[in-house]
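Student: Whatever this is, show me its structure:
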Amino acid sequence: MRGRILVAAAAVLVLLGGCSIGDIRRKPPPRPTPSAPAATAATFEVRAGSVPVPPSYHLQQVEFVDQALGYALFARCGSGSGAPGPGEVCSAALVRTQDGGRTWNQAYNPRPEAKGFQIEADRQRLVLYADPDGYYVSRDSGRTYDYAAGDTNAVRVLRGEYQVCCDGDEQQRVVWFGPGGKPKPTRSQPDVPSLRAVGSAVHWLFAAGVDDNGRPVTAVSNDQGATWRQVPVGGASGRIAGLRIAVDRTGTYAWLIGQTDLISWPSIWFFDGQGWRSMGAAGHPDRFTSAVPLPDATLAVTTPERPGLVSGGAFAWVDWPVRDCFLRGLTDGTLFCAAGPVNWLGVESFGERKWIRVLVGNE
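Tutor: Down below sits the predicted model:
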């Protein structure tokens, strides 16, 4: 009781004395605005199947064809490293998974020693390049091979039905890879300077080049390259160094991506049936790594910070667990991201994307 009387008396003295402790009617300062919480990565499954390769072999490359079928290439060079020194040769081991990295089995390597190796694959073929021997092509997932020597068409055919060809030619052309795996120029060629990129959709064939001022020039065909017409690229400015046409796996949505350098955020256009409409990405970061078009008319993007989506003129971060790795779209809709022994599969599942971390190593 005595304590309460003393407190009350002190309060009265303050009110009457007008001491310089401040105006007690003043509202308390607002609480500081909390900073935005860091994005939490989506949950994911981890697969770390045993790889039947000796520990002295170093992982060189991982390639997935779809969410189930994948290959991994290991090498051991004379110095004991994964890269050859002058005059050295390397031994290579090839393994295959058919259950998305849960288990791995040995695949046949027709050329176990060479200066270097590389693999590319689709559902029909596995192509092994052994330097300087040439290309070996398997049509049964690495069980048997045909030797293709130095025929680059053995690997080019894996990269799309329509392509820019050919590296050694004075002038690049649009070519079509038919069932025989040999390139054939389209009936006519697009009138674009310095042809850089080709893409195909259900109803359209696209071609893009760069003029002397570094601005993209594009043409389209709706009769498989028999005739072409130029179409505008809205708001094109600056000097474009790299140019790519990306089409979603359903062949519905096409994007034109132009880069001034390897790391800056690119210029992005969306094909609207009449031309390439500039697509803003409000809120995008400064740096860029890769992009894959999705069947919902969005563009999935990876950056050195986090992944995101471009949609409706805006950029938004997503909580995918992948980071700064090069994202690719596989034929079944799976997103694949390889970063050495850590690989990611983003599998479509009832409108959502389930992420799987596939660890590939032998140590």
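Student: Give me the most central residue, the chain.
Tutor: By Cα atoms, centre = their mean, the mean C-alpha position of the chain lies nearest to residue 327, the distance being 2.1 Å.
Student: Just confirm that one contacts residue 337, I think it does.
Tutor: Yes - counting by Cβ atoms under 8 Å, residue 327 touches residue 337, with 5.1 Å between them. C-betas here are computed from N, CA, C, even on glycine.
Student: Find residues that contact each of these two.
Tutor: residue 302 (Cβ atoms under 8 Å, 6 or more residues apart in numbering).
Student: helices or strands up against the strand or helix carrying the residue nearest to the centre of the chain?
Tutor: Here residue 327 sits within strand 326-329, counting by DSSP states H and E. Strand 326-329 sits against strand 290-293, strand 299-302, strand 335-339, with contacts defined as 3 or more Cβ pairs under 8 Å, 6 or more residues apart in numbering; DSSP states H and E.
Student: One more pass at 10 Å, please.
Tutor: strand 290-293, strand 299-302, strand 335-339, strand 342-349 (3 or more Cβ pairs under 10 Å, 6 or more residues apart in numbering; DSSP states H and E).
Student: What average pLDDT does the first one get?
Tutor: Which is strand 290-293. Mean per-residue pLDDT for strand 290-293: 98.
Student: for the second one, same thing?
Tutor: For strand 299-302, the mean per-residue pLDDT is 97.
Student: what's next to it, contact-wise?
Tutor: The contact list for strand 299-302 (Cβ atoms under 10 Å, 6 or more residues apart in numbering) reads 246, 248, 253, 255, 257, 265-266, 268, 270, 279, 281, 284-285, 288-294, 307-311, 315, 317-318, 320, 322-327, 329, 335, 337, 346, 353.
Student: Tabulate the CA atom coordinates of it in PDB.
Tutor: The C-alpha trace of strand 299-302 is given here as PDB (Å, rounded to 0.1, in the frame of the first residue of the first chain):
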ATOM      1  CA  LEU A 299      10.100 -17.900 -67.700                       C
ATOM      2  CA  ALA A 300      12.000 -19.700 -65.000                       C
ATOM      3  CA  VAL A 301      15.300 -18.000 -64.200                       C
ATOM      4  CA  THR A 302      18.400 -18.800 -62.100                       C
END
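Student: Going by contacts, tell me the helices and strands next to the very next helix or strand once past that strand.
Tutor: Scanning forward in sequence from strand 299-302 by DSSP H and E, the next helix or strand is strand 308-311. Helices and strands touching strand 308-311, by 3+ Cβ pairs under 10 Å, 6+ apart, are strand 290-293, strand 299-302, strand 314-317.
Student: Pick the most deeply packed of those.
Tutor: Sort the helices and strands packed on strand 308-311 by mean neighbour count, taking mean count of other Cβ atoms under 10 Å, and strand 299-302 sits at the top with a mean of 23.
Student: Pull up the pairing partners for it, direction included.
Tutor: strand 290-293 (antiparallel), strand 308-311 (antiparallel) (DSSP bridges).
Student: Redo those as TSV? Include distance to residue 100.
Tutor: Output for the strands paired with strand 299-302, formatted as TSV (distance: least, Cβ to Cβ, whole Å):
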stretch	distance to residue 100
strand 290-293	19
strand 308-311	24
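Student: helix, strand or coil for residue 156?
Tutor: Residue 156 falls in the helix class when you classify it by DSSP: H, G, I helix; E, B strand; the rest coil.
Student: What count of nearby residues applies to it?
Tutor: Residues near residue 156, counting by other Cβ atoms under 10 Å, number 20.
Student: wait, isn't it in contact with residue 166?
Tutor: Yes - using Cβ atoms under 10 Å, residue 156 makes contact with residue 166 at a distance of 8.5 Å.
Student: where do the contact lists of the two overlap?
Tutor: Counting by Cβ under 10 Å, 6+ apart, the residues touching both residue 156 and residue 166 are 175, 183.
Student: hmm, back to that, what would the helices and strands packed on strand 326-329 look like in JSON lines with distance to residue 120?
Tutor: Formatted as JSON lines, the helices and strands packed on strand 326-329 follow (distance: least, Cβ to Cβ, whole Å):
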{"stretch": "strand 290-293", "distance to residue 120": "17"}
{"stretch": "strand 299-302", "distance to residue 120": "21"}
{"stretch": "strand 335-339", "distance to residue 120": "13"}
{"stretch": "strand 342-349", "distance to residue 120": "16"}
